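> Fold the following.
(one chain, ligands or ions: 2)
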Amino acid sequence: METRKSKTVLLRSDIDALPIQEQNNIAYASKTADVMHACGHDAHSASLLLCAKILIELKGDFAGSVKLLFQPAEELSPGGAISVIKEKAYIALGTIPHIGQHVRPDIPVGKVGFRSGKFMASMDELFLTVKGKGGHAAMPEKIIDPVLIASHIIVAAQQLVSRMADPKTPSVLSFGKVIANGAINVIPNEVSIEGTFRTMDEDWRKIALEKLNKLVTTMAEAMGGSCELKINHGYPHLKNDSTLTEDLRIHAKDYLGEENVEELDQWMAAEDFAYYTQNNPACFYMLGVGNVEKNIASGLHTPTFNIDESALELGGGLMAWLAIKTLLV
Ligand SMILES: [Zn+2]
Ligand SMILES: [Zn+2]
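Ligands and ions are numbered 1, 2, ... in the order given. Below is the predicted model:
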């Protein structure tokens, strides 16, 4: 006799697209210029709709309820999950298991991947403005060179990861945008630097950003200039509940076969599903959509991202299976 373990379980799909011009020549390519489902959130939505159809057909076979959440704005900081969590209808659910699914083109179609515990990183956006005193490049004694200060800051800031971070805690500091905007013979007044800091420990995240601020400001001052660090705080790290994840892993093996359920590495990408994992037993797992033989291998957020569509049936069926299994012992 099967007994009920949880009365309610929530399944989440995100629905938003990205500002990318699609380069695929496929029937379901985006018809809107500079808007593309390059993170597969359309596949998540389609899977969850199929899941709904299955659950309705099977509703006499299980007790409890399954809440389907179609969440907007996953790609836009501060993240749509923040607004969902503040909604009355969501608060009324209380603490319940949350399950989320995301496509991954580096996992072959037919397979899924799980990871217990810390899985994805926190993400903060960094905006640095380094100020000096510009002038003629031939007369350095009359200027304070913000390009040189910025160069030192970029190198020194890596101490955060290589010297100050616990080596057992994943940390990434990357600067992808540096604008000096002087000329061959012109030193500018200021340099802007933009980057991201990612980790998997909320205490270290806070300390690291404080240390970074101290390091960049004092270094600039020591060189006669100044540096202002502005931080746009992004998503927290994503932690999968060990008990729920191990249960789902077993159920997924029953559904797909042992050989089709992979153990995943930690991943330094960020996801606003992380907010749900802070106060609920939650699991975010990966759905394989890649197919090298069909030349479907482009990464997430690229103009040629695509999925093997057979993943949709599997994704919808698996979500329904996992939801029902989570409601039953
Ligand atoms: Zn994305
Ligand atoms: Zn995504």
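> Going by C-alpha atoms from here, please, whenever you check contacts or count neighbours.
Fine.
> do you know how far the residue nearest to residue 307 when sequence neighbours are not counted is from residue 306?
The shortest distance from residue 307 to any non-neighbouring residue, by C-alpha to C-alpha, 6 or more residues apart in numbering, is to residue 289 (5.0 Å). Separation of residue 289 from residue 306 (C-alpha to C-alpha, to the nearest Å): 8 Å.
> what touches both of these two?
Shared contacts of residue 289 and residue 306, defined by C-alpha atoms under 8 Å, 6 or more residues apart in numbering, are found at residue 105.
> check contacts around the residue nearest to residue 307.
Applying C-alpha under 8 Å, 6+ apart, the residues near residue 289 are 103-110, 307-309, 311.
> which two from the residues you listed end up farthest apart in space?
106 and 309 (14.8 Å; C-alpha to C-alpha).
> what about this structure, any weak spots by pLDDT?
1-6, 329 (pLDDT under 70).
> What ranges does it have for its strands?
8-14, 65-71, 98-108, 112-114, 117-120, 124-131, 135-136, 171-179, 186-187, 190-199, 226-233, 238-240, 261-263, 282-290 (DSSP state E).
> Compute the number of surrounding residues for residue 259.
Residues near residue 259, counting by other C-alpha atoms under 10 Å, number 10.
> any idea how far it lies from residue 110?
Look at residue 259 and residue 110: by C-alpha to C-alpha, they are 10 Å apart.
> before we move on, the earlier item: can you put the contacts of residue 289 in JSON lines and add neighbour count?
What follows is the contacts of residue 289, written out as JSON lines (neighbours: other C-alpha atoms under 10 Å):
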{"residue": "103", "neighbour count": "24"}
{"residue": "104", "neighbour count": "24"}
{"residue": "105", "neighbour count": "24"}
{"residue": "106", "neighbour count": "17"}
{"residue": "107", "neighbour count": "19"}
{"residue": "108", "neighbour count": "19"}
{"residue": "109", "neighbour count": "24"}
{"residue": "110", "neighbour count": "20"}
{"residue": "307", "neighbour count": "24"}
{"residue": "308", "neighbour count": "19"}
{"residue": "309", "neighbour count": "12"}
{"residue": "311", "neighbour count": "22"}
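> Give me the contacts around stretch 272-280.
The contact list for stretch 272-280 (C-alpha under 8 Å, 6+ apart) reads 74, 79-82, 85, 95-98, 100, 235-241, 282-284.
> got TSV for the strands of the chain, with distance to residue 269 too?
Listed next are these as TSV, based on distance: least, C-alpha to C-alpha, whole Å:
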stretch	distance to residue 269
strand 8-14	16
strand 65-71	19
strand 98-108	12
strand 112-114	15
strand 117-120	6
strand 124-131	11
strand 135-136	41
strand 171-179	10
strand 186-187	36
strand 190-199	8
strand 226-233	15
strand 238-240	10
strand 261-263	17
strand 282-290	13
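> Out of these, the one nearest residue 205 is which?
Closest among the strands of the chain, using C-alpha to C-alpha: strand 190-199, at 6.4 Å.
> The closest one pairs with which strands?
strand 124-131 (antiparallel), strand 171-179 (antiparallel) (DSSP bridges).
> Turn the ones you listed into a markdown table, columns for distance to residue 51 and mean neighbour count.
Shown next, in a markdown table, are these (distance: least, C-alpha to C-alpha, whole Å; neighbours: other C-alpha atoms under 10 Å):
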| stretch | distance to residue 51 | mean neighbour count |
| --- | --- | --- |
| strand 124-131 | 34 | 21 |
| strand 171-179 | 37 | 15 |
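> Next, format those strands as CSV and append distance to residue 90.
Listed next are the strands paired with strand 190-199 as CSV, based on distance: least, C-alpha to C-alpha, whole Å:
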stretch, distance to residue 90
strand 124-131, 26
strand 171-179, 33
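> These: which one's closest to residue 70?
Nearest of those to residue 70, taken as C-alpha to C-alpha: strand 124-131 at 24.9 Å.
> Measure how the closest one sits relative to strand 226-233, angle-wise.
Here the directions of strand 124-131 and strand 226-233 differ by 160 degrees (axes from the mean of the first three to the mean of the last three C-alpha atoms, to 10 degrees).
> circling back to that earlier point, mark which of the contacts of stretch 272-280 are buried, thanks.
74, 79-82, 96-98, 100, 235-241, 282-284 (16 or more other C-alpha atoms under 10 Å).
> what about the residue nearest to residue 119 when sequence neighbours are not counted, how many neighbours?
Using C-alpha to C-alpha, 6+ apart and skipping residues adjacent in sequence, the residue nearest residue 119 is residue 266, 4.8 Å away. Around residue 266 there are 15 other residues, counting by other C-alpha under 10 Å.
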